[in-house]
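**Student:** sharing a model that was predicted from the sequence below.
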Amino acid sequence: MTVTKLQMRRVEKPWGRTSLWPAFDPVAEGGAPVGEIWFQTPDGGEAELLVKYLFTSEKLSIQVHPDDEAARQRGYPRGKDEAWVVLDAEPDATIAIGTRTVMTRDQLREAAMNGSIEDMVSWRAVKAGDVFYSPAGTVHAIGAGLTLIEVQQNVDLTYRLWDYGRPRELHLDDGIAVSDPVPYVAPNVPWTLDDGRTILCDGGKFVLERWREPGEGALRHDGGPLWLIPMIGSGRVGDVAVDAGEVLLVEGDADFTFAAGTDLLVAYAGAEVNRALCLR
């Protein structure tokens, strides 16, 4: 059994914020805004999944990610499915996911070139507690005024289709080629197992669960690692303590104890829900 507390990496972004989530120190006076906090293995190894917190003050670009096959053709280890769990949202906050109607790739290219793509993606009002699973190929954008946790396949590969006139590079040829410009169909989640675990995402490249009041028990799995992400509360897995704003990577069976009121995300790679994951 190995339990590793992942290292925190603060990533400055022009669209980020200086006031972050309560679990994180604010940006020092005069410092650049922080848009993302990444959680990475201390040895620099490349885990299959990556956990981030995002803090937005502006809309992020309209973008798309390739699937495994397309990414590997470009020399990357994998494509990029991702999921978002909204922690906090300003009253007018939105996320764009999918297009409003079925489009051809030629139509998508034209819209990206003239900027009308901004009106052709489906902007949805969001609130705290909302969850989205965005498969590779989904045209999407995260709006302003959001704090969220992102769980994704671990690859830094994004194709920007539109950036609202900002002076940043677009990737139209690559992005259009991997886009699936159709309306987003939400998966049939969440659903709850008999042991109280809530399945937020499944059937893609990873599974994301939510455990409320996990208490005491034991973890086991089928050989792959688990990512434990306390949104609220604190606890201990094996000999390693963890608080909200931290992430543990657990490999092998382990005992756990979490304080009353803890609200925990658990992620693991694969498309199948591990029904024997938590043993009471």
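**Tutor:** Arrived safely, thanks for sending. Since the structure is predicted, the reported quantities are computational estimates derived from the model, not experimental observations.

**Student:** bridged to residue 62, which residues?
**Tutor:** Note on residue 62: beta-bridge partners by DSSP bridges are residue 162.

**Student:** pLDDT score assigned to it?
**Tutor:** Note on residue 62: pLDDT of 98.

**Student:** wait, what's in contact with it?
**Tutor:** Residues in contact with residue 62 (Cβ atoms under 8 Å, 6 or more residues apart in numbering) are 96, 112, 117-118, 121, 139-141, 160-163. For the C-beta atoms, the positions are set from N, CA and C on the backbone; glycine is no exception.

**Student:** please point out which parts of the longest helix along the chain sit buried.
**Tutor:** Looking across the chain with DSSP state H, the single longest helix is helix 105-114. Using 16 or more other Cβ atoms under 10 Å as the burial criterion, the residues of helix 105-114 that qualify are 107-109, 111-112.

**Student:** try stretch 61-74
**Tutor:** Applying 16+ other Cβ under 10 Å to stretch 61-74 flags 61-68, 70-71 as buried.

**Student:** a markdown table please, covering these and showing distance to residue 128.
**Tutor:** Shown next, in a markdown table, are the buried residues of stretch 61-74 (distance: Cβ to Cβ, whole Å):
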| residue | distance to residue 128 |
| --- | --- |
| 61 | 24 |
| 62 | 24 |
| 63 | 24 |
| 64 | 26 |
| 65 | 25 |
| 66 | 31 |
| 67 | 30 |
| 68 | 32 |
| 70 | 34 |
| 71 | 32 |
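
**Student:** in helices only, show me those residues.
**Tutor:** Those of the buried residues of stretch 61-74 lying in helices (DSSP H): 68, 70-71.

**Student:** for residue 251, state which of the residues you listed is nearest.
**Tutor:** residue 68 (22.8 Å; Cβ to Cβ).

**Student:** in contact with the closest one: list those residues for me.
**Tutor:** 78-79, 136, 205.

**Student:** could you identify the most distant pair in those?
**Tutor:** 78 and 136 (9.4 Å).

**Student:** which one's more surrounded, those two?
**Tutor:** residue 136 (25 against 20; other Cβ atoms under 10 Å).

**Student:** do you know how far the more buried one is from residue 204?
**Tutor:** Counting by Cβ to Cβ, to the nearest Å, the separation of residue 136 from residue 204 is 9 Å.
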